[in-house]
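# Coordinates for the following, if possible.
(2 chains)
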Amino acid sequence: MERQAMLQLKNLCHTYRDENGDELLALDMVNLAFFPGEFVAVIGRNGSGKSTLAKHLNALLTPSSGQCTVAGMDTLDHTKIWEIRQRVGMVFQNPDNQIVASIVEEDVAFGPENLGLPSGEIVRRVDDALRLVDMEDYRMHGPHLLSGGQKQRVAIAGVLAMEPTCLVLDEPTAMLDPVGRQEVLEAVCRLHREEKITLIYITHFMEEAVQADRVVVMDAGRVIMDGTPKIVFSEVEKIRALGMDVPIAADIAALLRAKGISLQQGIITDEELAAALCP
Amino acid sequence: MSIVLDHVSYTYMPGTPYCREALRDISLSVEPGEFIGIIGHTGSGKSTLVQHLNGLLRPLSGTVFVDGNDLHAKNAATKQIRQRVGMVFQYPEHQLFEETVFDDVAFGPRNLGLTADEVNERVESALECVGLAPSQYAKRSPFRLSGGQMRRVAIAGVIALRPEYLVLDEPSAGLDPRGRDEIFEQILQLYQNTGMAVVLVTHNMEDVARMARRLLVMSRGQVEFDGRPSELFHDESIDLHNFGVSLPYVTALLKTLRLSGLMIDDTLLDKNAVADAIAEALGRGANSC
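Below you'll find the model as predicted:
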């Protein structure tokens, strides 16, 4: 029996109109299905359509043609829009634009309060959300005193408190230092492992994409590669021709193969390269 | 001649509940022709520090001198002195506003009161510096370019002022890998061709390791390390994690290979050099692992 997709895009096109009235095709016949509990990284150049894609997933944008469904609900169906947005949470690049309150727990409580939930339920959701991103110790802190990685985790907790089944993160680490990036990535991996939340993770950091179950590569509004990190990042030349990087281990492995050193395919992490070179 | 910070401290919103000490008693100098990288946690004071280099922020205590002149002295010379320090902010493309690339880059030089010919000359050379051919881009709308191109137009606008010191705050944030490589390649070329001093704030360890000759690591408003990148990344006694920084990916890979027993120079940064070194180490025979 075929699995039920959490998010499904069928022949989806999205057209923007620029200042001269010219049409710009940002998404061009995209067909994708994301399944419950999957952790999918989406990579591609600036302007390749990644963020436009993300905005379709919770009906911030609707298709110019084709169809986008969330748990079977069509994003064009106005009566379903709030249900769709509760199911699919979004996290953006800049945590400072996503934090609204002056105390961490109030910020996380903002969403559930607006759902009109009883206060005991709000407290439970805030507790759970902060625990999931490892920020319980900061619940009474002012967000402005947190590091970038901590702020971004608070922003993620704020979305988790809505208990979405799917989380879309659009370059959540672009503005963070390396340690902050690691903290956010660890929180995301934990959501994947322990909560089985469906994760769509847009990034320019290939070392982050390696952690996903599946990597979707976009170029000029189309999906041009879709597979496990091992399969996608083994195509070093193709990825580079698309203006992206591969993880350093995949890069070095390809250079070594070109020198005639025999290494198996699919080496993408430092540990795998070490094991292959020093068995 | 240099930029000198003498016991500079800065506090945001002093005397309020939001009071935050951002810089604590910093003394350092930026010499002409230097390439300095500044790294550290978000919130460690990097951006606050660089905003002192051209007088955008006034120290709460201490003094900033540019080429021997106090930046905050009340005299006519200070405005001109500030112009020696060009500043490229985070997401500089948000500051583009003109209808054409040419006009946007020309905005600064025109305000310097230069003649039309001089303005032309400066705009064209600035656009060439950032790899945008004037014949192809000058008449286009900056808003119809890609993110990386828009950012380069914004940088050209600062270069057109011909500063002696160029300060860039996170010039690669949010760019895809190719856009990032292009920006850094052009900064490096500009540095090599003009001898302009460069101060680069970044979270990208690969690029500072490769380009900067001097690295400052900031933490809690202080400079915790000031030295060569190779010293920072190879001194086991320094807790990089504590400073919000990490090893460049290539250095981390080399350390992993060494731990597995492959005897290889872990100071290499260039991928091809790394591949050569691995091939050579393997060639030394079975006992290399």
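
# Which stretches in the stretch 51-200 of chain B count as helices?
In the stretch 51-200 of chain B, the helices defined using DSSP state H, counting those that start in this stretch lie at B:77-82, B:101-111, B:116-129, B:134-137, B:147-159, B:177-194.

# scratch that, the stretch 51-200 of chain A is what I was asking about
Going by DSSP H, counting those that start in this stretch, the stretch 51-200 of chain A shows helices at A:81-87, A:104-114, A:119-132, A:148-160, A:178-190.

# Deepest in the core, which of those helices is it.
Ranked by mean neighbour count, the helices of the stretch 51-200 of chain A are led by helix A:148-160 with a mean of 27 (mean count of other CB atoms under 10 Å in any protein chain shown). Using the backbone N, CA and C atoms, a C-beta is placed for each residue, glycine as well.

# Is there contact, residue-wise, from it to chain B?
Yes - interface with chain B: helix A:148-160 contributes A:G148, A:G149 (CB under 8 Å from any CB of the partner chain).

# and the angle from that helix to helix A:119-132?
With axes from the mean of the first three to the mean of the last three CA atoms, to 10 degrees defining the directions, helix A:148-160 sits at 140 degrees from helix A:119-132.

# Show me what helix A:148-160 is packed against.
Packing partners of helix A:148-160 (3 or more CB pairs under 8 Å, 6 or more residues apart in numbering or on different chains; DSSP states H and E): strand A:88-91, helix A:104-114, helix A:119-132, strand A:166-170, helix A:178-190.

# Rebuild the helices of the stretch 51-200 of chain B as a markdown table, extending it with mean pLDDT, distance to chain A and mean neighbour count.
What follows is those, written out as a markdown table (pLDDT from 0 to 100; distance: least, CB to the nearest CB, whole Å; neighbours: other CB atoms under 10 Å in any protein chain shown):
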| stretch | mean pLDDT | distance to chain A | mean neighbour count |
| --- | --- | --- | --- |
| helix B:77-82 | 84 | 27 | 14 |
| helix B:101-111 | 96 | 15 | 21 |
| helix B:116-129 | 95 | 20 | 18 |
| helix B:134-137 | 94 | 16 | 14 |
| helix B:147-159 | 91 | 4 | 24 |
| helix B:177-194 | 90 | 4 | 18 |
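
# out of those, nearest to A:A26?
Closest approach to A:A26 among these (CB to CB): helix B:147-159, 13.9 Å.

# Any idea which residue is closest to the centre of chain B?
B:L200 (1.3 Å; CA atoms, centre = their mean).

# does that residue have beta-bridge partners, and which?
B:G37, B:L168 (DSSP bridges).

# contacting residues for it?
When contacts are counted by CB atoms under 8 Å, 6 or more residues apart in numbering or on different chains, B:L200 touches B:F35, B:I36, B:G37, B:I38, B:L168, B:P171, B:I187, B:D207, B:V208, B:M211, B:A212.

# near chain A, which residues of the stretch 151-289 of chain B show up?
Residues of the stretch 151-289 of chain B lying close to chain A (CB under 8 Å from any CB) are B:170, B:173-180, B:203, B:205, B:241, B:244-246, B:249-250, B:252-253, B:256-257, B:259-262, B:271-272, B:274-275, B:278-279, B:282, B:289.

# in the stretch 151-289 of chain B, which segments are predicted with low confidence?
B:285-289 (pLDDT under 70).

# make it 50
Within the stretch 151-289 of chain B, the stretches with pLDDT under 50 are B:286-287.

# likewise the stretch 1-150 of chain B?
Using pLDDT under 50, the stretch 1-150 of chain B has no residue that qualifies.

# what's the burial count for the residue of it found nearest chain A?
Distances between the stretch 1-150 of chain B and chain A by CB to the nearest CB are smallest at B:T42, namely 3.2 Å. Here the count is done by other CB atoms under 10 Å in any protein chain shown, and B:T42 has 21 residues near it.

# Include distance to B:R140 when you put the helices and strands packed on helix A:148-160 into CSV, please.
Listed next are the helices and strands packed on helix A:148-160 as CSV, based on distance: least, CB to CB, whole Å:
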stretch, distance to B:R140
strand A:88-91, 32
helix A:104-114, 42
helix A:119-132, 46
strand A:166-170, 27
helix A:178-190, 34
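
# What's the local residue count around A:I200?
A:I200 has 26 nearby residues by other CB under 10 Å.

# Any idea what it is bridged to?
With DSSP bridges as the rule, A:I200 is bridged to A:V40, A:V168.

# follow-up on the earlier one: which of the residues of the stretch 151-289 of chain B next to chain A fall within helices?
Among those, the ones falling in helices (DSSP state H) are B:177-180, B:205, B:249-250, B:252-253, B:256-257, B:259, B:271-272, B:274-275, B:278-279, B:282.

# which among those residues end up buried?
B:177-180, B:205, B:249-250, B:252-253, B:256-257, B:274-275, B:278, B:282 (16 or more other CB atoms under 10 Å in any protein chain shown).

# Show me which of these is closest to A:E207.
Checking those one by one against A:E207 (CB to CB), the nearest turns out to be B:Y249, at 6.5 Å.

# Apart from its neighbours in sequence, what residue is nearest the closest one?
A:I248 (4.4 Å; CB to CB, 6 or more residues apart in numbering or on different chains).

# my guess is the one you found contacts B:L247, does it?
No - counting by CB atoms under 8 Å, A:I248 stays clear of B:L247, with 11.0 Å between them.

# These two: who's more crowded?
Remark: of A:I248 and B:L247, A:I248 carries more neighbours, 24 against 19, as counted by other CB under 10 Å.

# From A:K259, how far out is that one?
17 Å (CB to CB, to the nearest Å).

# B:F97 touches B:D104, doesn't it?
Yes - B:F97 is within contact range of B:D104, at 6.9 Å (criterion: CB under 8 Å).

# And for residue 228, the neighbour number?
As the question left the chain open, I've gone with chain A. 14.

# wrong one, I was asking about chain B
B:R228 has 12 nearby residues by other CB under 10 Å.

# cool, A:G260 as well?
With other CB under 10 Å as criterion, A:G260 counts 7.

# do the same with B:G244
26.

# my read: it touches A:Q182, true?
No - B:G244 is not in contact with A:Q182 according to CB under 8 Å; the separation is 9.9 Å.

# Could you pull up the residues touching B:L161?
B:L161 sits in contact with B:Q83, B:G86, B:G108, B:P109, B:L112, where contact means CB under 8 Å, 6+ apart.

# ah, wrong one, I meant A:Y138
A:Y138 touches A:V104, A:L130, A:L146, A:Q150, A:V154, counting by CB under 8 Å, 6+ apart.

# Would you check that the second one makes contact with A:E105?
When you say that, I think you mean A:L130. Yes - with contacts counted by CB under 8 Å, A:L130 reaches A:E105, the gap being 7.2 Å.

# Could you list the contact residues of the stretch 51-200 of chain A toward chain B?
A:93, A:144-149, A:171, A:174-182.

# Number of residues surrounding B:P17?
Neighbour tally, B:P17, other CB under 10 Å: 7.

# Against A:L145, how distant is it?
11 Å.

# any common contacting residues for the two?
Counting by CB under 8 Å, 6+ apart, nothing touches both B:P17 and A:L145.

# who are the neighbours in contact with B:V85?
B:V85 neighbours (CB under 8 Å, 6+ apart): B:I3, B:L53, B:N54, B:G55, B:V66, B:P163, B:E164, B:Y165, B:V167.

# Just list the residues touching the third one, thanks.
Looking back up the chat, that one is B:N54. Contacts of B:N54 (CB under 8 Å, 6+ apart): B:V66, B:L71, B:R82, B:V85, B:G86, B:M87, B:V167.

# Does the fifth one have any beta-bridge partners, and if so which?
With DSSP bridges applied, B:G86 shows beta-bridge pairing to B:L166.
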